[in-house]
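K.L.:
my questions concern the predicted model and sequence given below.
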Amino acid sequence: MEKLSFEEGLKRLEDIVEKLEKGEVPLEEAIKLYEEGMKLAKELKEKLDEIEMKVEKLMETDKGFRTEEFHHRKEDED
């Protein structure tokens, strides 16, 4: 499968979900779509996690703004 942009991948995933929800595709095609959808969902989540780790938030200071690296807090960390 070719590498899709995040937006293209999300659109494809939405299309797959719509087809599966309608229930009008043959079983074999539904299985292939489901597998593709699961792979896309995993890839999109990985992209989001990667982007989230790069996010910088603006911090107001008395001299204007500065950037501070965004610290990702994983759900399993408490």
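P.N.:
Looks like it arrived, so ask away.
K.L.:
every contact and neighbour count from this point should use C-alpha atoms.
P.N.:
Fine.
K.L.:
can you list the residues that contact stretch 13-29?
P.N.:
Ala30, Leu33, Tyr34, Gly37, Leu40, Ala41 (C-alpha atoms under 8 Å, 6 or more residues apart in numbering).
K.L.:
residues of it that come out buried?
P.N.:
Leu13, Ile16, Leu20 (16 or more other C-alpha atoms under 10 Å).
K.L.:
which among these gets closest to Met53?
P.N.:
Leu13 (23.3 Å; C-alpha to C-alpha).
K.L.:
against Leu27, how distant is that closest one?
P.N.:
Using C-alpha to C-alpha, to the nearest Å, one gets 18 Å for the distance from Leu13 to Leu27.
K.L.:
what ranges does the chain have for its strands?
P.N.:
56-61, 64-69 (DSSP state E).
K.L.:
pick out the shakiest of the ones you listed, pLDDT-wise.
P.N.:
Note on the strands of the chain: lowest mean pLDDT is at strand 56-61, with a mean of 50.
K.L.:
any regions of this structure where pLDDT drops low?
P.N.:
Counting by pLDDT under 70, the chain has low-confidence residues at 1-2, 55-78.
K.L.:
so where's the longest helix in it?
P.N.:
The residue-count maximum for a helix in the chain (DSSP state H) belongs to helix 27-54.
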